[in-house]
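**Student:** have a look; sequence and predicted model below, questions after that.
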Amino acid sequence: MKILVPIKRVLDYNIKARVKSDQSGIDLNNVKMSINPFDEIAVEESVRLKEAGKASEIVVVSIGSEKAQDIIRSAMAIGADRGILITTEKAIDTEIEPLMVAKALKEIVAKENPDLVIMGKQAIDDDSNQTGQMLAALLEWGQGTFASKIDISDGKANVTREIDGGLETISIKLPAIITTDLRLNEPRYASLPNIMKAKKKQMDIMSLEELGVDTTPRLKVIKVSEPPVRQGGIKVENVEQLIDKLRNEAKVI
Amino acid sequence: MSILILAEHDNVSLSANILNVVDAANKIGGDIHILIAGYNCGNVCEQAAKISGIDKVIKADAPELEHGLSENVAPIMVDMAGTYTHVLSAASTYGKNIMPRISALLDKQQISDIIEVESPDSFKRPIYAGNAIATVQSMDDIKIITVRASAFDKVDNEGGNAIIEDISSKGDSGLSEFVGQEISESERPELSSANIVVSGGRGVGSKEDFALIEKLADKLGAGVGASRAAVDAGYVPNDYQVGQTGKIVAPDLYIAIGISGAIQHLAGMKESKIIVAINKDEEAPIFSVADYGLVADLFDAVPEMIEKL
Ligand SMILES: Cc1cc2nc3c(=O)[nH]c(=O)nc-3n(C[C@H](O)[C@H](O)[C@H](O)COP(=O)(O)OP(=O)(O)OC[C@H]3O[C@@H](n4cnc5c(N)ncnc54)[C@H](O)[C@@H]3O)c2cc1C
Ligand SMILES: Nc1ncnc2c1ncn2[C@@H]1O[C@H](COP(=O)(O)O)[C@@H](O)[C@H]1O
């Protein structure tokens, strides 16, 4: 079984996004960028499937700037076999839209013929939570979104999904798309020898234009602004004062 | 303008978030229709027909629609969508699962998780865990939108008298199958719509001690939430998680106990009217958003609160 894992390079989750003064977007100059956490979970899950003898090859693919080579190398250090980088000059968080990404991924699926695509449920920059479901639609495949457990057997995937009411399990026919939730696994740290080995693995680079995907924007970002700031309140001395404030000042209890 | 809303339900009752989605639809303006796709879901349709301001309820009732599988629900919507200018759903796990599938089949770019309607084609939505707000304008002829329920008011669930019309299912795609579910049962108010939420974090320390958080919640008639760390540690199930990638809440009162206040957690609760933080570390970032902060050991403060309330 071959697995394709789409990964996105995003502002590191520990870093607070700063809005540019001209309100055109987020300042991504000289800040730490990392693999989207959900995508790292997707890479880890694929590697575990390979270690369990269920997968034979793992290919990661990223659409982004030249710099996204770094996250492809980190995915390879965790255990991915091969990488594909699809380059674009467009702003990755505002100009590259999920539908475009899904269309580009569809082309890659046509070339690579994976049996399974595992990807993140959400990119933590645009917070769209769309691309996996869209790719499933374009391919007319089944989808197992927000997965916290995956079991593969007999050409099917049993996927336990984190839903608002609790957990749900569905069975989907392969090939299929699975999107990861936080509880699926805890990604490993890459060892130094594996980081060295990753440098020698194959990475193909092509441009988004070469893929022939329609990149006409459907959404126009008019502005990106700071959210209203919350006024910090006061510190109360003790429980009694807290209850009094809630009763008589805020009147919420 | 004409708006189609995909409603979330369990074949017995309608999810309360529909009332907020209708409010968003009202702000766009136009005729509003609600689609109920389910099995033996007649009661749900009656509930939907009573919502104030609804013109029509469309019912697709078939065995393959019982569990809301995206592969079976999306084709019905795709077939109907051509006559609408907007298709809306709540940004719940139900809506998030199905709407992008519809969007891609129609070749439209979805607008996720809107918090404000600026005009029929422009919307505000949070990005980067709510650290920035993007105003986006859609160029698509049909706007596919998910709505952040907590950012909108609830319309009246009484007073409407919409007609109910039947529509046929597109059959079973054969791509996916429902196997089972574990739904958390609770007598407490539902987290996303509770007026008061009491949440516990890693500081609570264990599953056993989380009972303290629940006891306080029960004193206040509150819903119970948690940070990701508390869920990961197994103190509570996944559906308790509040935050960027969990549930978004905006109650009148949010009490964060033993929660440090990571941006991913703040993303899910910082629109609450009043925020209380109880934490033994006076430097904890949660205090920067709290209206009332209490620097204390939760194992002293919470039992005292339970006693004095
Ligand atoms: C992709 C991604 C998505 C995420 N999504 C979410 C999300 O949706 N929701 C979410 O919550 N997190 C999310 N997180 C995790 C987030 O970054 C933090 O790790 C998490 O919120 C921390 O939880 P916590 O505050 O309970 O734990 P900690 O940060 O460990 O804080 C525990 C706090 O308890 C206090 N404490 C300890 N003992 C006591 C005591 N006896 N009395 C009083 N106070 C005490 C400590 O002072 C400390 O401030 C996400 C992370 C990533 C990478
Ligand atoms: N530019 C990209 N390159 C590769 N994968 C992507 C890209 N954008 C999104 N994805 C994948 O789609 C998932 C969901 O992203 P989104 O729909 O933008 O929230 C991510 O977790 C990735 O797995």
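**Tutor:** Right, received. Where do you want to start? Ligands and ions are numbered 1, 2, ... in the order given.
**Student:** and whichever residue of the stretch 151-253 of chain A sits closest to ligand 2, what is it in contact with?
**Tutor:** Residue nearest to ligand 2 within the stretch 151-253 of chain A (CB to the nearest ligand atom): residue A:179, separated by 6.8 Å. (C-beta placed from N, C-alpha, C; glycine too.) The contact partners of residue A:179, by CB atoms under 8 Å, 6 or more residues apart in numbering or on different chains, come to A:38, A:42, A:118-121, A:132-133, A:143-147.
**Student:** ok, the worst-scoring helix or strand of chain A on mean pLDDT near ligand 2 or not?
**Tutor:** Least confident element among the helices and strands of chain A, by mean pLDDT, DSSP states H and E: helix A:208-211 (a mean of 94). No - against ligand 2, helix A:208-211 shows no contacts by CB under 6 Å from any ligand atom, the least distance being 9.6 Å.
**Student:** could you give me the buried positions within that helix?
**Tutor:** For helix A:208-211, a neighbour-count test (16 or more other CB atoms under 10 Å in any protein chain shown) marks A:208, A:211 as buried.
**Student:** contact partners of that helix?
**Tutor:** Applying CB under 8 Å, 6+ apart, the contact partners of helix A:208-211 are A:63, A:86-88, A:90, A:100, A:104, A:107-108, A:215.
**Student:** so the helix or strand just after it, near ligand 2 or not?
**Tutor:** Sequence-wise, the next helix or strand downstream of helix A:208-211 (DSSP states H and E) is strand A:219-225. No - using CB under 6 Å from any ligand atom, strand A:219-225 stays clear of ligand 2, with a minimum separation of 12.3 Å.
**Student:** need the contact list for residue 6.
**Tutor:** The chain I'm using is chain A. Here residue A:6 is in contact with A:39, A:42, A:60-63, A:101, A:105, A:117, A:119-120, A:131 (criterion: CB under 8 Å, 6+ apart).
**Student:** not quite, go with chain B.
**Tutor:** Shown in contact with residue B:6 (CB under 8 Å, 6+ apart): B:35, B:37, B:73, B:77, B:87-89, B:95, B:98-99, B:102.
**Student:** cool, and residue A:149?
**Tutor:** Listed by CB under 8 Å, 6+ apart, the contact set of residue A:149 reads A:158-160, A:169, A:184.
**Student:** so how do I select the buried members of these in ChimeraX?
**Tutor:** Here is the ChimeraX command that picks out the buried ones among those, judged by 16+ other CB under 10 Å:
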select /A:158,159,160,169,184
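**Student:** out of the contacts of residue A:149, which comes closest to ligand 1?
**Tutor:** Nearest to ligand 1 among those: residue A:184, at 12.0 Å, using CB to the nearest ligand atom.
**Student:** quick one, phi/psi of that closest one?
**Tutor:** Backbone torsions of residue A:184, given as degrees, to the nearest 10, read phi -60, psi -40.
**Student:** ditto for the one 3 residues further on
**Tutor:** The main-chain torsion angles of residue A:187 are listed as degrees, to the nearest 10 and equal phi -60, psi 140.
**Student:** would you check how far apart it and residue A:74 are?
**Tutor:** Distance from residue A:187 to residue A:74, counting by CB to CB, to the nearest Å: 10 Å.
**Student:** just residue A:52 next, same as before
**Tutor:** 22 Å.
**Student:** mind checking how far the residue in the stretch 1-150 of chain A positioned nearest to ligand 1 is from ligand 2?
**Tutor:** Nearest residue of the stretch 1-150 of chain A to ligand 1, counting by CB to the nearest ligand atom: residue A:37, 3.7 Å away. Computed as CB to the nearest ligand atom, to the nearest Å, the residue A:37 to ligand 2 distance reads 9 Å.
**Student:** kindly report the same for residue B:160.
**Tutor:** As judged by CB to the nearest ligand atom, residue B:160 and ligand 2 stand 35 Å apart.
**Student:** count the neighbours of the residue of the stretch 201-309 of chain B found nearest chain A for me.
**Tutor:** Using CB to the nearest CB, the single residue of the stretch 201-309 of chain B nearest to chain A is residue B:291, 3.6 Å away. Using other CB atoms under 10 Å in any protein chain shown, residue B:291 is surrounded by 23 other residues.
**Student:** contacts for stretch B:127-134 next, please.
**Tutor:** The contact list for stretch B:127-134, computed with CB under 8 Å, 6+ apart, reads A:11, A:16-17, A:19, A:26, A:93-94, A:124-127, A:221, A:223-227, B:115, B:124-126, B:244, B:263-264, B:266-267, B:270.
**Student:** give me the sheet partners of the helix or strand the residue of the stretch 151-253 of chain A closest to ligand 2 falls within and which way each runs.
**Tutor:** Assigned by DSSP H and E, residue A:179 falls within strand A:176-180. Strand A:176-180 has the following sheet partners, assigned by DSSP bridges: strand A:116-120 (parallel), strand A:142-153 (parallel).
**Student:** so how far is it off the chain centroid?
**Tutor:** Distance, stretch centre to chain centre, for strand A:176-180: 11 Å (CA atoms, centre = their mean, to the nearest Å).
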